[in-house]
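Trainee: the amino acid sequence is not available; the structure is as follows:
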């Protein structure tokens, strides 16, 4: 029997899963990935460490599946969005990846008409996108000039196959993509002083990028000549992995929380809360790319010496409203109720009687409020949803699922295997092997949900008050965030230009 591998390069780990032709899991492997924070607002990952983690995860998955490398018929990749890796002509990294968490490019952004860019690209102007990071690298990166700029998935594809390609979904997250023309935008390239030749070519996610060359085979432990799909970003692969239907709101809780729904592929009237991307099956994916959710719980767990399961148990013993504690969900900038990279997270209403469980409950509730606000905006754009499809590591928390149902007033579906992302990557691998129509056939094999949480009408009024408190706290803290940003800028301007990552 032949199998495929779905590989997910996440923020915290590389995950490899072996699937059979019916998309049933045969084996899993995982290897941790470290993120370094050299200064406030900066984040870095080592692309070389990714490759080590990928090899370890694949090896573990093959052992777990009791499958040999020659039985792997194809490889599909997915992974984190908005990272930027500068590479030389041979595809080797010139420095660290600047992942989605990195905001050093804020000062390097060109003057842009935000509304015009949103109408052209479907994206909110933000320094987290690849375009700003590439412009920062050209000015402050040091070392030789980058031959190309990659996202994490396209970087791995080149390192494994030599192909310089990425899919339309990933291209649309760069701030350089013409949504209507389905191509790189000359106007955006010019605005960021970038040449088209320094970006990968664009192809369908389920197309065949190439096959593993000798180095790629050695890196993965697979066989030379194994086909590799172009792949896509984790937001898009997750929807594939559960067969996300029209009319359902996808909520994927990983390090960040992504809220999305299938809808029209148009950049009209998006506002600055929702973006739109091409979806691998066609049409659009309306989404907010997320705020720290699972990441906020992981931060709190590390801070208090607990694990996520222990915090969830403590949350269950506390009632709605967290005994007056309110959280502002902006550890890495705010994505709701308005997109504000200068915002910072906060707990409001703390007293001596509060403990880690109250803080965790406040995080749960604020993230559920944020999810609901995005869902309401997506509905106003012509994609109303009557259910929430909850996936990712955070979907394992029973209390969090119920809170989301209660806050949104919608039923919440969950899966026996909430890690849909590598399954979406495996669907792309099967489609790359089988050709036209194969992606729809693969998506049809997505498993159904196994559990539902229904809203409790008795707590609706209490959660309406929580929503009001989150919005009020966010608004009240906005002037403080602005003042802090001005102070940081004054210190930076008075000292020196941004330090080169190669000079440290």
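Mentor: The structure has been received and is ready for your questions. Note that this is a predicted model, so its numbers are computed, not measured. Residues are numbered from 1 along each chain as shown.
Trainee: domain map for this structure?
Mentor: For the chain, automatic domain parsing gives the domain ranges 3-236, 243-414+456-481.
Trainee: weakest of those domains by average pLDDT?
Mentor: Lowest mean pLDDT within the domains of the chain: domain 243-414+456-481, at a mean of 92.
Trainee: wait, is residue 290 part of a strand?
Mentor: Yes. Note on residue 290: a strand contains this position according to DSSP: H, G, I helix; E, B strand; the rest coil.
Trainee: for residue 434, find the nearest of the domains of the chain.
Mentor: Closest of the domains of the chain to residue 434 is domain 3-236, at 9.4 Å (criterion: CB to CB). Where C-beta positions appear, they are placed from N, C-alpha and C, glycine not excepted.
Trainee: next one: that closest one to chain centre, how far?
Mentor: Its chain's C-alpha centre and that of domain 3-236 lie 12 Å apart, by CA atoms, centre = their mean, to the nearest Å.
Trainee: and if you look at stretch 362-371?
Mentor: What separates the centre of stretch 362-371 from the centre of its chain is 18 Å, taken as CA atoms, centre = their mean.
Trainee: same question, stretch 438-458
Mentor: How far stretch 438-458 lies from its chain's middle: 20 Å, per CA atoms, centre = their mean.
Trainee: can you list the buried residues in the helix or strand where residue 139 lies?
Mentor: Assigned by DSSP states H and E, residue 139 falls within helix 130-140. Residues of helix 130-140 classed as buried: 130, 131, 132, 133, 134, 135, 136, 137, 138, 140 (neighbour count, 16 or more other CB atoms under 10 Å).
Trainee: against which helices or strands is that helix packed?
Mentor: Counting contacts by 3 or more CB pairs under 8 Å, 6 or more residues apart in numbering; DSSP states H and E, helix 130-140 is packed against strand 148-150.
Trainee: returning to that earlier point: export the domains of the chain to CSV and tack on distance to residue 441?
Mentor: Shown next, in CSV, are those (distance: least, CB to CB, whole Å):
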stretch, distance to residue 441
domain 3-236, 10
domain 243-414+456-481, 11
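Trainee: can you map out the helices along the stretch 351-500 of the chain?
Mentor: For the stretch 351-500 of the chain, the helices defined by DSSP state H, counting those that start in this stretch occupy 356-380, 398-408, 420-434, 438-443, 460-495.
Trainee: and those, which is most packed in?
Mentor: The highest average neighbour count among the helices of the stretch 351-500 of the chain, using mean count of other CB atoms under 10 Å, belongs to helix 420-434 at a mean of 28.
Trainee: that one packs against which elements?
Mentor: Applying 3+ CB pairs under 8 Å, 6+ apart, one finds that helix 420-434 contacts strand 3-9, strand 13-19, strand 72-79, strand 208-211, strand 227-229, strand 232-233, helix 234-241, helix 438-443.
Trainee: if we use 6 Å, what do you get?
Mentor: If contacts are counted by 3 or more CB pairs under 6 Å, 6 or more residues apart in numbering; DSSP states H and E, helix 420-434 sits against strand 3-9, strand 13-19, strand 72-79, strand 227-229, helix 234-241, helix 438-443.
Trainee: would you tell me which of these gets closest to residue 359?
Mentor: Ranking the helices and strands packed on helix 420-434 by proximity to residue 359 (CB to CB) places strand 13-19 first, at 24.9 Å.
Trainee: can I get the buried residues of helix 130-140 in JSON lines with distance to residue 35?
Mentor: Putting the buried residues of helix 130-140 into JSON lines (distance: CB to CB, whole Å) gives the following:
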{"residue": "130", "distance to residue 35": "18"}
{"residue": "131", "distance to residue 35": "22"}
{"residue": "132", "distance to residue 35": "19"}
{"residue": "133", "distance to residue 35": "15"}
{"residue": "134", "distance to residue 35": "20"}
{"residue": "135", "distance to residue 35": "22"}
{"residue": "136", "distance to residue 35": "18"}
{"residue": "137", "distance to residue 35": "18"}
{"residue": "138", "distance to residue 35": "23"}
{"residue": "140", "distance to residue 35": "20"}
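Trainee: which one of the domains of the chain lies nearest to residue 443?
Mentor: Of all the domains of the chain, it is domain 243-414+456-481 that lies closest to residue 443, at 5.0 Å by CB to CB.
Trainee: the closest one: how far from the chain's middle?
Mentor: Put simply, domain 243-414+456-481 sits 14 Å off its chain's centre (CA atoms, centre = their mean).
Trainee: mind listing what's buried along stretch 59-73?
Mentor: Within stretch 59-73, the residues scored as buried using 16+ other CB under 10 Å are 59, 60, 61, 62, 64, 65, 67, 71, 72, 73.
Trainee: assumed the fourth one was part of a strand.
Mentor: This means residue 62. No. Assessed with three-state DSSP, residue 62 is helix; it does not lie in a strand.
Trainee: need the helices of the stretch 351-500 of the chain in a markdown table with distance to residue 261, can you?
Mentor: Converted to a markdown table, the helices of the stretch 351-500 of the chain look like this (distance: least, CB to CB, whole Å):
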| stretch | distance to residue 261 |
| --- | --- |
| helix 356-380 | 5 |
| helix 398-408 | 13 |
| helix 420-434 | 15 |
| helix 438-443 | 16 |
| helix 460-495 | 20 |
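Trainee: next, format the helices and strands packed on helix 420-434 as CSV and append distance to residue 274.
Mentor: Output for the helices and strands packed on helix 420-434, formatted as CSV (distance: least, CB to CB, whole Å):
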stretch, distance to residue 274
strand 3-9, 24
strand 13-19, 28
strand 72-79, 22
strand 227-229, 28
helix 234-241, 13
helix 438-443, 23
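Trainee: how about the ones you listed, which one is nearest residue 96?
Mentor: Closest to residue 96 of the helices and strands packed on helix 420-434 is strand 3-9 (CB to CB; 14.7 Å).
Trainee: show me what that closest one is packed up against.
Mentor: strand 13-19, strand 72-79, helix 420-434.
Trainee: other residues contacting the helix holding residue 139?
Mentor: With CB atoms under 6 Å, 6 or more residues apart in numbering as the contact definition, helix 130-140 has outside contacts at 84, 86, 98, 105, 108-109, 149, 174-176, 192, 498, 500.
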